[in-house]
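Asks: Here's my sequence, what's the structure:
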Amino acid sequence: MTDVNEAYAPHIVDPDAPQPDMSSEEIRDFADKVAEMYPELVRKPATPAMVAKLTVAQWAKHFADTDRKLIDNAIRSGLIGGLDNTEIARKVIGSLQLNGIDGATEITRQQIIRLARVAVAPRKVRGK
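Replies: Numbers count the residues shown, from 1 in each chain. Sure thing, here's the model as predicted:
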């Protein structure tokens, strides 16, 4: 492996410069050594956006689970009620006349929109 002090890295400044002849493992090792030498250059991981004590990823999982249950319930109630496939699909995705707002998936879509407004809006304010 190339020593950190002997590393050839002008491609960082000039993209047209020749690339170093290093394997991906050697590049990772080199990057780790540079990070140890210059810790101020290493970006800290972003803190996840928290909404009501949960991260956006946790909310997304919750919405996905809820959406699955809503769709399952719409299909099951349609089958038990003797509806045909078209009517069951309408219960799941909504009617064309109402642009889908009467379907089971609309609930999740609205929840995601509200979560995005709550999670993104405060970050915009902090950046001012």
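Asks: Got phi/psi on residue 55?
Replies: phi -80, psi 160 (degrees, to the nearest 10).
Asks: Any idea what it is bridged to?
Replies: With beta bridges defined as DSSP bridges, residue 55 has these partners: residue 50.
Asks: any idea how far it is from residue 27?
Replies: Separation of residue 55 from residue 27 (Cβ to Cβ, to the nearest Å): 31 Å. All C-beta spots, glycine's among them, are computed from the backbone N, C-alpha and C.
Asks: can you check residue 34 too?
Replies: As for residue 34, its distance to residue 27 is 10 Å (criterion: Cβ to Cβ).
Asks: do the same with residue 89
Replies: Counting by Cβ to Cβ - residue 89 and residue 27 are separated by 50 Å.
Asks: before we move on, what about residue 67?
Replies: 41 Å.
Asks: Same question for residue 21.
Replies: Distance, residue 21 to residue 27, by Cβ to Cβ: 11 Å.
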